[in-house]
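# heads up, no residue letters with this:
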RNA sequence: CGCGGGGUAGAGCAGUCCGGUAGCUUGCCAGGCUCAUAACCUGGAGGUCGUGAGGUUCAAAUCCCACCCCCGCAA
């Protein structure tokens, strides 16, 4: 089939790679290059870079709301458009242009976690499974009829990053299957709808009054990006990985209980930090980190500097 | 030219301002002791101090120059 691919971040790259093995990708739509990285240089998106290296024409409109872009899109005369974490809203004129419409790869088991950050929200909520849904796009936010679905377990070791990578691969497989098998579209259930809000910057700051379970979920969900953090003697420390323990304590939340970095949390629960990083330093395991005398037992992490 | 921190033993760091024997903690090896709450004692191995037959100097981890790499913020 002649396919237009629309995607932007790393997550979408395996999907593009997968598509070109069975189909003709006639154009790639992606977000315009943005300033990024230490030098603040304009950086093309991961999908942009991959498409260029594959010699596929790349389009980077700021919006698809104007008629001119919509005509350009329609003129490509595609059989279908595959959309994966593109980052722009598709107006009806675009949704209806390809013969088979626009097909979306969404990183959750819909209708749970519609929206921007389904991967992190699933881990943060402590879900025991996540997955990928292939759906026929309609005007709503991730409300289209479902074509295929496949689940993937979430364990205490699952991070936002590891789930992201797993679902990315899963999505790349499923989209081929969907295009090949033409499954019957099924409406999403009305029950069980939740929305995955975009991750806000201030969410990364840990509140030690939460339970160890909640904190562990959030810490793992936010790894490796944007990563959670706390303050210790005014210095910013990223808490990268942790797990809840069955222990309990009467120490104040945030207190460092021992050299294994057991930390007192809300309601006397205890969290163990496994992986952390000082500002400007490398990320270290707890064992390595504690070789320096930086953190002292009995002192505490704070939510402010 | 967005702002900033860093590269010294396997790991984590001090030393750099103010040049003068390469230090600390931990890990590792050997021996001792016989121990809970990071066990302890003694001994030992282990380093081109990111790179440059660079510059300055009697002397450079330290001062100057160029380059490479890692990371925090911000996006």
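Great, that's in hand. Remember, it's a predicted structure, so these values are computed and weren't measured experimentally.
# Tell me which residue in the stretch 201-305 of chain A sits closest to RNA strand B.
Closest residue of the stretch 201-305 of chain A to RNA strand B, Cβ to the nearest atom of the strand: residue A:292 (2.8 Å). Yep, even glycine has a C-beta here, placed from its N, CA and C like the rest.
# Contact distance from RNA strand B - what residues of chain A qualify?
Neighbours of RNA strand B within chain A, by Cβ under 7 Å from any atom of the strand: A:34-41, A:201, A:225-227, A:229, A:236, A:238, A:258-259, A:277-284, A:288-292, A:294, A:297.
# hmm, back to that, ok, the residue of the stretch 201-305 of chain A closest to RNA strand B - contacts?
By Cβ atoms under 8 Å, 6 or more residues apart in numbering, the contact set of residue A:292 is empty.
# Assign residue A:68 to helix, strand or coil.
helix (DSSP: H, G, I helix; E, B strand; the rest coil).
# For residue A:139, grab the count of nearby residues.
Neighbours of residue A:139 under the rule other Cβ atoms under 10 Å: 11.
# cool, and residue A:20?
The tally of other residues near residue A:20 (other Cβ under 10 Å) stands at 15.
# Return the backbone torsion pair for the nearest residue to residue A:227 once chain neighbours are set aside.
Closest residue to residue A:227 apart from its sequence neighbours, by Cβ to Cβ, 6 or more residues apart in numbering: residue A:238 at 4.9 Å. Here is the backbone geometry of residue A:238 (degrees, to the nearest 10): phi -80, psi 130.
# Quick one: residues contacting residue A:238.
Contacts of residue A:238 by Cβ under 8 Å, 6+ apart are A:227, A:228, A:229, A:276, A:277, A:278, A:279, A:283.
# Mind listing what's buried along the longest helix belonging to chain A?
Secondary structure of chain A per DSSP state H: the longest helix is helix A:160-181. Within helix A:160-181, the residues scored as buried using 16 or more other Cβ atoms under 10 Å are A:160-164, A:166-168, A:170-172, A:174-176, A:178-179.
# per-residue pLDDT, the residue nearest to residue A:297 when sequence neighbours are not counted?
Excluding its sequence neighbours, the residue lying closest to residue A:297 (Cβ to Cβ, 6+ apart) is residue A:256, at 5.5 Å. The score at residue A:256 is 92. That number is its pLDDT.
# Could you pull up the residues touching residue A:256?
By Cβ under 8 Å, 6+ apart, the neighbours of residue A:256 are A:262, A:263, A:295, A:296, A:297, A:298, A:299, A:300, A:301.
# Just the buried subset of the residues of chain A next to RNA strand B, please.
Neighbour-count burial (16+ other Cβ under 10 Å) is assigned, among the residues of chain A next to RNA strand B, to A:227, A:229, A:238, A:277, A:278, A:283, A:284, A:289, A:290.
# Make a markdown table from the residues you listed and add distance to residue A:154 and secondary structure to it.
Converted to a markdown table, these look like this (distance: Cβ to Cβ, whole Å; DSSP: H, G, I helix; E, B strand; the rest coil):
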| residue | distance to residue A:154 | secondary structure |
| --- | --- | --- |
| A:227 | 19 | coil |
| A:229 | 23 | strand |
| A:238 | 22 | strand |
| A:277 | 24 | strand |
| A:278 | 29 | strand |
| A:283 | 22 | strand |
| A:284 | 25 | strand |
| A:289 | 26 | helix |
| A:290 | 29 | coil |
